[in-house]
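Novice: let me see the structure of the following:
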Amino acid sequence: MPDHPIRRARAAQQLAERALIRHGLAHPLAHTLLAAAALAAAGVWEAGHWVRDLHPRTAPSQGHCHGTSQHPAEAEAGGGRADPPVR
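Specialist: All right, here's what the predicted structure looks like:
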């Protein structure tokens, strides 16, 4: 298993995606792997990483940016906590 939290989260996401493709959304393995991917992504967020670190863009965006503009550490320093962006 990869040792960096972002790599672990990406690996969990890929395993969940493969299970969804192979077995479908109703399969218990897909549910378990989706939950594991969500927990891994939450751990990366709690460690202070940006969501875009987990989901890097392959091409520059021409539209507007979704989600929060604050990094979690900046939000805490400013007195408030930024919620994770919803995709």
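Novice: all contacts plus neighbour counts: C-alpha atoms, from now on.
Specialist: Fine.
Novice: so where do the strands sit in the protein?
Specialist: Assigned by DSSP state E, the chain shows no strands.
Novice: what's the weakest-modelled helix or strand in this protein?
Specialist: Every helix and strand of the chain was ranked by mean pLDDT, DSSP states H and E. The lowest is helix 72-77, at a mean of 53.
Novice: where does pLDDT dip in the protein?
Specialist: Filtered on pLDDT under 70, the chain yields the residue ranges 1-3, 54-87.
Novice: ok, A37 touching I6?
Specialist: No - here A37 does not reach I6: they are 11.0 Å apart, not a contact under C-alpha atoms under 8 Å.
Novice: phi, psi for H27 please.
Specialist: The phi and psi values for H27, taken as degrees, to the nearest 10, are phi -80, psi 140.
Novice: quick one: contacts for it?
Specialist: L20 (C-alpha atoms under 8 Å, 6 or more residues apart in numbering).
Novice: same check on A9?
Specialist: 37, 40-41, 44, 54.
Novice: inside helices: which ones of the residues you listed?
Specialist: Taking DSSP state H as the definition of helices, the contacts of A9 contribute 37, 40-41, 44, 54.
Novice: make TSV from those residues and add neighbour count to it.
Specialist: Shown next, in TSV, are those (neighbours: other C-alpha atoms under 10 Å):
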residue	neighbour count
A37	22
A40	21
A41	22
V44	21
L54	18
